[in-house]
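K.L.:
what shape does this take:
(2 chains)
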Amino acid sequence: MKKRHFNPNTMGVVILIIAFGFSVLRYRAIREQLNLGAEKEGARTTNVVRVLHWQLEPGYREALQWAMDEYNALPHVKEAGVKVIQLAIPERVYSQFLNVHLISGTAPDICVKGMSSMVGDSSATARFFDPISEFVGGPNPYNQKEYLKPGISDELATFLQTAAWSDTFSDGMAAGWDAANQDYYAVPISSWGTVRVFYNKTLVKAIKEMMRRDWALEEAPEWKRKSLEDLNYLKEDDALLAWIETDQPPESLGRFLLFCEAALAYAAELNLDKMVPISASSYRAGQFYSAYQLPFTANIAKRNNFDHGNGISTEEIYGGWQAGKWSYEDPEFKAFFEVAYAFTPFFPAGFMGLDREQAQRRFVLGNAVFLATGAWDANSIFIGAKRKADPADQFDVGVMRFPMPEAGERWFEHYAGQGGGGGSNLGVPMAISKQSPNKQWAVDFLQYVTSHRVNEKFNSIASWLPAILGAEPVEQMKPFQPELEGLVPSIQMHMNGGGQLTTLLTGQFLLYFSGDLSYEGFVEAVRPLFENERYGVNRIWIDREVGAQDRARQLDRALDVRIIEDESVGSGPLGKAANLLENSLLSREGLGPRILHHTLFPETSFPTY
Amino acid sequence: MRQGLSFPYNCLMTQRKPCGFLRIAGKTSVLLSALFLFGCGGGAGKDVSLKEILTEAREMVRMSDFVEAYEILEKGVLLSDQDPTLEAELLYLLGVSAWHRVPPSAEWEAKARERLEELIERYPDSEWTAQGAYTLGRILEIRDFQGNEVDIAGAIRWYEHCIAHWPELPVAAMARFRLAAMDMNAYEDPERMARGAEMLDLWLQDHMDHELAPVAAIFLADQYDQLTVDPAKALHYYLICEELGWLNETMTGHRRWRMAEIAESLGEVDLAIQLYQKIIKENLQSARGYESQKRLEALQQQFPEKTIVIPPLYPMNLEAS
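P.N.:
Residues are numbered from 1 along each chain as shown, chains lettered A, B, ... in the order given. Sure thing, here's the model as predicted:
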């Protein structure tokens, strides 16, 4: 009898078939679930509304979960078998995650807009997300009497009950508005607030004691002599002496730099090797520098705002340089660079190699007096400063504005004014995926989470700032409330948008800030970069024209989509398509860069490749 | 048998038949694959009407997925629905989808023109035809890709066709704006710019109650502010916008700021004051509120005889609401 040999390939085939079969079944199950937005829960089917976001800061997920649990427990939501869940994805992979799911048609019902390059422009927004204008015009049903918290004023209650949903946001829902598509595409649920300087109250008190002790010494301490005489940050006057006598942190630029010099002396005196005045990193240092860019360059930007627009464009900035309308030798620019450079000695050595978390850790460990960051990090800093095994290591955290020069201090004459008058700065904009089978419920949940009572409570649990008018932030977040007082944020000399030139300029900035290049050396080094034919200003003109033409063309697409969508083809009224027509005409077929070039250089033809 | 090859290559290379079990497994795999592919496809051979195809295509257009929309619409070409309205819509959507697909190309532009010209020829009275004629004008006017030759004369013909055939429809106004814009955008030729602006101004004077009058007014204001640089005329048209109502509310604060700047430069201080006050009260989100206060303070100093009210900046715009 012929003996049958066991063929080892058989095992492989069996495993392959089993795996294949399992994959098919799993694929079908997931596909069905995603298509229907439903999952089996016990005996009944539940419609699942998924919310995708990247806010992993302590407290945010818990707060959102609270809102979801409350919502899921509402009688009509339970009755409909609806359940809202969250998917929190780390910032680093959020973009890839969202891109893949948007393209594959499996995006969650609600996604926070941002990060993803797929939703970076208006055409992608229109392609992947649903406009929500039809909902924003009426009152938010969850602001009706039975949902409001007791004790709010009649005026506020009446407003909340009657106002359009969009009007209940502190920015009128501007953060959800897409100008190119002329529609609301997102619902912001929190406010980013403002960037502030955190300070260690214990260290401030100790350093101020040292300053008081040494201020009147016959031989002035180096930190005092350096600040008042060598670097001329400020003058000694009664106001300065009165401030020295208090434990108040330094609230003007001159005092801040004086204080930082004293902090270095304090660390040296006590052999605190790890202590630095300002905890900085590649990320945090940028926040420090950018806080001074607007106050010092706003006036130059205004002079170069050739189209009188609400912002200054890349071609206005670089074209202005080419036309000799500004230079790095302008006193305001020089002052900005000097201010930024003045902070650098107070950063830790090698700060550009440190990341955001390392800087924050240094501060909460008590090894730095100051740290600059935004409201989104506040809760973790407050918690970190208190969460110490040894109570002696705990410290109180104070919050202050970036110190600006005051009259009589160095650089005051070049100071245009406080920045940051941008208003509410609402964030975490949640958009509804076009692929969502649960659109109505997604809108319903967003209305719930942005109702006055829920938004206030949700943001207080998260220790963030609420997005809704009249909603009170928790006490510790009040210093981060956005301000209306300040210069227009969009009019400053930001050097972004210049492609390779911006990258090379940043390299030169860093060499200057790290002390490897003098200011004169910096000015000399950047000139040939601007003039370079391959990536310099001429190249920027060309790139900007291409971008402007693309945007103009996109407006044509958006206009036709709107006309078809609103069924205003032919005799119907144009409605919102009229806004798009206005934008399309004003885009002038992308001629903006050419028109500006002609204005600045009437005798010169537009650059070509 | 060749060494080093594994199943199924060894079977293929040696013509050796796999054992019975493997044959069954192979057939099962094929069957499963077929079922899987069938499942992915969601079934085939389903009869659909032109109306359903148009609904599906409109959804794709709504998602700006013009490639998919065109593919769906092509199925509709094979159906003879006999409903002229639906067929006209089909041709219009085919033309628009072909034109808007990314990246644009000569081939797709030609297809777009072909579809739209067919629409105009076959259904001259359809509601889609007016829009189709306007779109043809845009296709000819815009340089869409490298080497794309524009046909300005052709574009003008289609725009004039819209104006002549459908004078009462919004598309006639849109065509008129595009005709005017061709001249108004000629930034190197002041005479052409003046001619375009004059054409648009004449239309505006005759159509102040038209739905698109604010569009014409803002375009003229921008023209005199940016290109022709005539502040008085720019302010004149901005004031018409203010009277007619702003279409783009998010820009209202910035535009009022610009109006106030021009008003100040022309010595119309009272108007500037009113505008700064309006910005503070109504357009705080423009971030111009604080600077408006500063301007009012400066004007108060400059004109001490005037009593200038400087409204407060509300911490949130609740009160303003």
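
K.L.:
going forward, measure contacts between C-alpha atoms and count neighbours the same way
P.N.:
Will do.

K.L.:
right, and A:F530 touches A:G536 too?
P.N.:
Yes - applying CA atoms under 8 Å, one finds A:F530 in contact with A:G536, separated by 4.5 Å.

K.L.:
what touches both of the two?
P.N.:
A:L501 (CA atoms under 8 Å, 6 or more residues apart in numbering or on different chains).

K.L.:
more neighbours, the two?
P.N.:
A:F530 (23 against 20; other CA atoms under 10 Å in any protein chain shown).

K.L.:
who's in contact with that one?
P.N.:
A:L501, A:G536, A:V537.

K.L.:
try 10 Å
P.N.:
A:318, A:321-322, A:498, A:501-502, A:504-505, A:536-540 (CA atoms under 10 Å, 6 or more residues apart in numbering or on different chains).

K.L.:
the residues you listed: which ones sit near chain B?
P.N.:
With CA under 10 Å from any CA of the partner chain as the criterion, the contacts of A:F530 include none near chain B.

K.L.:
ok, these vs A:T106, which is closest?
P.N.:
Nearest to A:T106 among the contacts of A:F530: A:G498, at 35.7 Å, using CA to CA.

K.L.:
residues near the closest residue to the closest one other than its chain neighbours, how many?
P.N.:
Spatial nearest neighbour of A:G498, excluding adjacent residues (CA to CA, 6 or more residues apart in numbering or on different chains): A:I540 at 6.2 Å. Close neighbours of A:I540, defined as other CA under 10 Å, add up to 25.

K.L.:
look at A:I540 and tell me its secondary structure.
P.N.:
helix (DSSP: H, G, I helix; E, B strand; the rest coil).

K.L.:
residues contacting it?
P.N.:
By CA under 10 Å, 6+ apart, the neighbours of A:I540 are A:314-315, A:318-319, A:497-501, A:530, A:533-534, A:546, A:593, A:607.

K.L.:
now A:S123
P.N.:
A:A180, A:N181, A:R551, A:Q554, A:L555, A:R557, A:A558, B:M63, B:S64, B:D65.

K.L.:
at 8 Å what do you get?
P.N.:
Contacts for A:S123 (CA under 8 Å, 6+ apart) come out as A:N181, A:Q554, A:A558, B:S64.

K.L.:
residue ranges with poor pLDDT in the chain?
P.N.:
All of this refers to chain A. For chain A, the stretches flagged by pLDDT under 70 are A:1-4, A:30-45, A:117-122, A:284-285, A:421-424, A:568-573.

K.L.:
that's the other chain; I wanted chain B
P.N.:
In chain B (pLDDT under 70), the answer is B:1-47, B:80-81, B:314-321.

K.L.:
let me see the contact set for whichever residue of it sits closest to chain A.
P.N.:
Of all residues in chain B, B:M63 sits closest to chain A, at 3.8 Å by CA to the nearest CA. Contact partners of B:M63, counting by CA under 8 Å, 6+ apart, are A:A126, A:R127, A:F128, A:K434.

K.L.:
how about the contacts made by the nearest residue to the last one once chain neighbours are set aside?
P.N.:
Translated: A:K434. Nearest non-adjacent residue to A:K434, counting by CA to CA, 6+ apart: A:F129, 4.7 Å away. Counting by CA under 8 Å, 6+ apart, A:F129 makes contact with A:Y185, A:A431, A:I432, A:S433, A:K434, A:Q435.

K.L.:
what's the neighbour count on the fifth one?
P.N.:
A:K434 sits with 23 neighbouring residues when counted by other CA under 10 Å.

K.L.:
if we can go back for a sec, okay if I get the contacts of B:M63 as JSON lines plus secondary structure and distance to A:N200?
P.N.:
Shown next, in JSON lines, are the contacts of B:M63 (DSSP: H, G, I helix; E, B strand; the rest coil; distance: CA to CA, whole Å):
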{"residue": "A:A126", "secondary structure": "helix", "distance to A:N200": "46"}
{"residue": "A:R127", "secondary structure": "helix", "distance to A:N200": "48"}
{"residue": "A:F128", "secondary structure": "helix", "distance to A:N200": "45"}
{"residue": "A:K434", "secondary structure": "coil", "distance to A:N200": "47"}
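
K.L.:
quick check, A:Q287 in contact with A:A372.
P.N.:
Yes - contact status for A:Q287 versus A:A372: in contact at 6.7 Å, counting by CA under 8 Å.

K.L.:
if we can go back for a sec, what subset of the contacts of A:I540 is buried?
P.N.:
A:T314, A:E315, A:Y318, A:G319, A:G497, A:G498, A:L501, A:F530, A:P593 (16 or more other CA atoms under 10 Å in any protein chain shown).

K.L.:
just give the closest residue to A:R588, not the sequence neighbours.
P.N.:
B:N185 is the one closest to A:R588 (CA to CA, 6+ apart), at 6.6 Å.

K.L.:
how many neighbours does that neighbour have?
P.N.:
If you count neighbours by other CA under 10 Å, B:N185 ends up with 23.

K.L.:
and the helix or strand where A:R453 lies, how far out from the chain's middle?
P.N.:
Take DSSP states H and E as the rule and A:R453 turns out to sit in helix A:452-462. Distance of helix A:452-462 from its chain centroid, counting by CA atoms, centre = their mean, to the nearest Å, is 21 Å.

K.L.:
thinking again about what came up before, in helices only, show me the contacts of A:S123.
P.N.:
Judged by DSSP state H, helices contain the following of the contacts of A:S123: A:Q554, A:A558.

K.L.:
just to revisit the earlier point, now, the most widely separated pair of the contacts of A:F530?
P.N.:
A:Q322 and A:L504 (17.2 Å).
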